[in-house]
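1. Model the following, please.
(2 chains)
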Protein chains: 2
Amino acid sequence: MNELELIARLTKSLPTNAGVLVGAGDDCAVLELGVPGKLLLFKTDAIVEGVHFAGDAPPEKIGHKALGRCLSDIAAMAGTPAAALVTLGLPPKFDVKFVEAIYGGMSALAEKYHVAIAGGETTMNPERIFISIALLGTVARGKQVLRSGAKAGDAIFVTGELGGSLAGKHLEFEPRLVEARWLAEHFPLHAMIDLSDGLAGDLQHLLKASGVGAELLKTAVPVSRAAKLRMQTSSPPKPAFTAALTDGEDFELLFTVAGGNAVKLLDAWKGKFPRLKLSCIGKIVVGKGVTIRDKSGVTTLNTHGYVHFT
Amino acid sequence: MNELELIARLTKSLPTNAGVLVGAGDDCAVLELGVPGKLLLFKTDAIVEGVHFAGDAPPEKIGHKALGRCLSDIAAMAGTPAAALVTLGLPPKFDVKFVEAIYGGMSALAEKYHVAIAGGETTMNPERIFISIALLGTVARGKQVLRSGAKAGDAIFVTGELGGSLAGKHLEFEPRLVEARWLAEHFPLHAMIDLSDGLAGDLQHLLKASGVGAELLKTAVPVSRAAKLRMQTSSPPKPAFTAALTDGEDFELLFTVAGGNAVKLLDAWKGKFPRLKLSCIGKIVVGKGVTIRDKSGVTTLNTHGYVHFT
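-> Below is the predicted model of the structure:
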């Protein structure tokens, strides 16, 4: 049983209540707890030594990644983060300075986005460091962007460049909070998700939630320099386009808007964020699954994103 | 460096913002996010296989414990839980039915207290199961009970009976949500904490936060049957009173009220909760630390509660 099948089984019949507007299955849970004009966003995410980061990774970057992943999920709902709690599992013989530096990396990122670290929990995890972050944020009521709103005819956009994140970006990425809020304020976004499992996997999450399919234009997918370098150095070689589709942890935004808004959005984006690439990579179609168009024709995408258990 | 020293170092200068009324150092963080008449309570807690539960413990009880610990912290602030997220670290070869039964135990407890499980996260933790729960709750503004409000002259109360939790109660305890809310509605509670590290440790957390000391009456401390049984069977034997002071995971409430309210509170409690013992175990005094009075005189308490790293 892989991770996605397990999650599907575990979340089939969870207890709920009137406060939960969106539960398991989106980037964050969306809660109605009576804040005038606002909904709450609630998210947890964990990173584990040897799985999400090497034991000799710079500790500040480990902390940055731990919090950054959760911030990226708040961004994917067009929300604003407010407060985080940190659960830290540590082996019995831990290096205090290393742990403090993890907190230093988290704190620096938290301060940048005005997020409080309001406490947490320390416990024993004998073999490796385990960091779980719980994050609470808000979003203006009606401005939350779910995975489920994509419609046939929508243009599909992605920020930044994709693939090869393991070369460094996975520890240093910038959560797209500012960009996501600007997008939601200026354009009616139909659906959004952050790219954590890879474009192929995350696009399919969005399509499944929306009940639609997608057609991508191969030449429009922004392939990162790291993905191209990786093609030359990895063994067996992974084509750069495949890396852009299937490497996880890009933490870029994938979103859709009505096709008629596409050009206006691209123009406005270039004026607002001249240093961050935005690419229209294809369109939403009736049906399901993903096809990729290039000069030789149309092929069906079979590859998936990253899963923890296979 | 032990756990408490580590936490003190890590929480010394955490980033904060205007929404955080109480950060690290109490049972829950207390947040002001604009809910009319209410504050939010935010908590995370984790349990780890081989540390907080044996690998062959009944999975429903593991789930019960994971969520119950967080609910107990919400109780300690006199709050009402609303929604939980579950972060689950699993070894690559996990037993699906076992994991589903963990969720079953969590879900049953969640339903009992009308708590939603609004999603979460599944990841790899190669050697052992790691369950972290994030919980969001509310409390009527002004009714939150902190650790820091105890005053000299207060009577100190504890619910239930203490010690020997490892014999079974640590997997089956009932979070004292109903009792805590009733107490806060009917009496001005000065300070409250739930007993997770043991009476000796948790009382000292409360005293330190309040800047006061305590004098306990030895014969008034409710020693559980499990603690007495343990005295006969464990090797080397641990006196039952010591177990009641230092065994962790009782998950009972420890709270203080003005001395003048003590008798009225005990009477009202007996009428409302006839099946749950409530004991007045001593009083808050000027100074610091804990002394214990018995027929042979007064001694100073040197023992501490449970810490993960020593």
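2. check contacts around A:Thr256.
-> A:149-151, A:154-157, A:189-192, A:206, A:284 (CB atoms under 8 Å, 6 or more residues apart in numbering or on different chains). Glycine gets a C-beta too; all of them are placed from N, C-alpha and C.
3. Tell me the predicted confidence for the closest residue to A:Gly163 other than its chain neighbours.
-> Excluding its sequence neighbours, the residue lying closest to A:Gly163 (CB to CB, 6 or more residues apart in numbering or on different chains) is A:Ala227, at 2.9 Å. According to the prediction, A:Ala227 has pLDDT 93.
4. Which strand or helix spans A:Ala227?
-> Element membership for A:Ala227, per DSSP states H and E: helix A:225-233.
5. What residues sit buried inside that helix?
-> Neighbour counts over helix A:225-233 (16 or more other CB atoms under 10 Å in any protein chain shown) mark A:Ala226, A:Ala227, A:Lys228, A:Arg230, A:Met231 as buried.
6. can I have that helix written out in PDB, keeping just the CAs?
-> Extracted in PDB, the C-alpha atoms of helix A:225-233 (Å, rounded to 0.1, in the frame of the first residue of the first chain):
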ATOM      1  CA  ARG A 225      19.000  24.700 -14.400                       C
ATOM      2  CA  ALA A 226      19.400  22.200 -11.600                       C
ATOM      3  CA  ALA A 227      17.200  19.700 -13.500                       C
ATOM      4  CA  LYS A 228      19.400  20.200 -16.600                       C
ATOM      5  CA  LEU A 229      22.600  19.800 -14.700                       C
ATOM      6  CA  ARG A 230      21.200  16.700 -13.000                       C
ATOM      7  CA  MET A 231      20.600  15.200 -16.400                       C
ATOM      8  CA  GLN A 232      24.400  15.300 -17.100                       C
ATOM      9  CA  THR A 233      25.500  14.000 -13.700                       C
END
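7. tell me what the helix or strand just after it is packed against?
-> Sequence-wise, the next helix or strand beyond helix A:225-233 is helix A:240-246, with elements assigned using DSSP H and E. Counting contacts by 3 or more CB pairs under 8 Å, 6 or more residues apart in numbering or on different chains; DSSP states H and E, helix A:240-246 packs against helix A:199-210, helix A:225-233.
8. Partner strands of the next helix or strand after helix A:240-246, with direction?
-> Beyond helix A:240-246 on the C-terminal side, the first helix or strand identified by DSSP H and E is strand A:253-258. When pairing is defined by DSSP bridges, strand A:253-258 lines up against strand A:154-159 (antiparallel), strand A:189-194 (antiparallel).
9. I'd like the distance between the residue lying farthest from the centre of chain A and A:Val86.
-> Computed with CA atoms, centre = their mean, the residue of chain A farthest from its C-alpha average is A:Lys93, at 32.8 Å. Distance, A:Lys93 to A:Val86, by CB to CB, to the nearest Å: 20 Å.
10. Then A:Lys228?
-> According to CB to CB, A:Lys228 stands 36 Å off from A:Val86.
11. again with A:Leu146
-> 27 Å.
12. quick one: contacts for the residue positioned nearest the centre of chain A?
-> Nearest to the mean C-alpha position of chain A, counting by CA atoms, centre = their mean, stands A:Asp194 at 2.7 Å. By CB under 8 Å, 6+ apart, the contact list for A:Asp194 reads A:Asp27, A:Ser72, A:Asp73, A:Ala75, A:Ala76, A:Arg176, A:Asp202, A:Phe251, A:Glu252, A:Leu253, A:Leu254.
13. ok so, going back, between the buried residues of helix A:225-233, which is nearest chain B?
-> The closest of the buried residues of helix A:225-233 to chain B turns out to be A:Arg230 (CB to the nearest CB; 22.8 Å).
14. Can you spell out the domain ranges of chain A, please?
-> Here the domain assignment for chain A is A:3-140, A:154-300, based on automatic domain parsing.
15. can you give me the helices in chain A?
-> Assigned by DSSP state H, the helices in chain A fall at A:3-10, A:59-76, A:96-112, A:169-172, A:177-186, A:199-210, A:225-233, A:240-246, A:262-272.
16. If you count neighbours, what's buried in the fifth one?
-> Residues of helix A:177-186 classed as buried by neighbour count (16+ other CB under 10 Å): A:Leu177, A:Glu179, A:Ala180, A:Arg181, A:Trp182, A:Leu183, A:Ala184.
17. circling back: quick check, nearest of the contacts of A:Thr256 to B:Ala54?
-> Nearest to B:Ala54 out of those is A:Leu206 (CB to CB; 41.2 Å).
18. What is the neighbour count of that closest one?
-> 26 (other CB atoms under 10 Å in any protein chain shown).
19. From chain B, how far out is it?
-> A:Leu206 sits at a distance of 16 Å from chain B (criterion: CB to the nearest CB, to the nearest Å).
20. Dump the helices and strands packed on helix A:240-246 into a markdown table; add distance to B:Lys277 as well.
-> Below are the helices and strands packed on helix A:240-246 laid out as a markdown table (distance: least, CB to CB, whole Å):
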| stretch | distance to B:Lys277 |
| --- | --- |
| helix A:199-210 | 51 |
| helix A:225-233 | 63 |
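21. Pick out the shakiest of those, pLDDT-wise.
-> Minimum mean pLDDT among the helices and strands packed on helix A:240-246: helix A:225-233, a mean of 86.
22. Counting by contacts, list what it packs against.
-> helix A:240-246.
23. What are the buried residues along the helix it packs on?
-> Per 16+ other CB under 10 Å, helix A:240-246 contains these buried residues: A:Ala240, A:Phe241, A:Thr242, A:Ala243, A:Ala244, A:Leu245, A:Thr246.
24. quick one: average confidence on that helix?
-> Rounded mean pLDDT across helix A:240-246 is 92.
25. Name the residues that touch it?
-> A:161-164, A:198-201, A:218, A:221-224, A:227-228, A:230-231, A:301, A:303-306.
26. what about the strands in the stretch 1-150 of chain A?
-> Counting by DSSP state E, counting those that start in this stretch, the stretch 1-150 of chain A has strands at residues A:20-22, A:29-31, A:38-48, A:80-90, A:116-124, A:130-140.
27. what angle sits between the fourth one and helix B:3-10?
-> Taking axes from the mean of the first three to the mean of the last three CA atoms, to 10 degrees, one finds that strand A:80-90 is oriented at 140 degrees with respect to helix B:3-10.
28. Specify the angle between strand A:80-90 and strand B:130-140 in degrees.
-> Using the same axes, to 10 degrees: strand A:80-90 against strand B:130-140 is 140 degrees.
29. Name the residues of strand A:80-90 that are buried.
-> Buried, per 16+ other CB under 10 Å, within strand A:80-90: A:Thr80, A:Pro81, A:Ala82, A:Ala83, A:Ala84, A:Leu85, A:Val86, A:Thr87, A:Leu88, A:Gly89, A:Leu90.
30. Export these as JSON lines, with columns for distance to chain B.
-> What follows is the buried residues of strand A:80-90, written out as JSON lines (distance: CB to the nearest CB, whole Å):
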{"residue": "A:Thr80", "distance to chain B": "11"}
{"residue": "A:Pro81", "distance to chain B": "10"}
{"residue": "A:Ala82", "distance to chain B": "5"}
{"residue": "A:Ala83", "distance to chain B": "6"}
{"residue": "A:Ala84", "distance to chain B": "9"}
{"residue": "A:Leu85", "distance to chain B": "4"}
{"residue": "A:Val86", "distance to chain B": "8"}
{"residue": "A:Thr87", "distance to chain B": "5"}
{"residue": "A:Leu88", "distance to chain B": "8"}
{"residue": "A:Gly89", "distance to chain B": "6"}
{"residue": "A:Leu90", "distance to chain B": "7"}
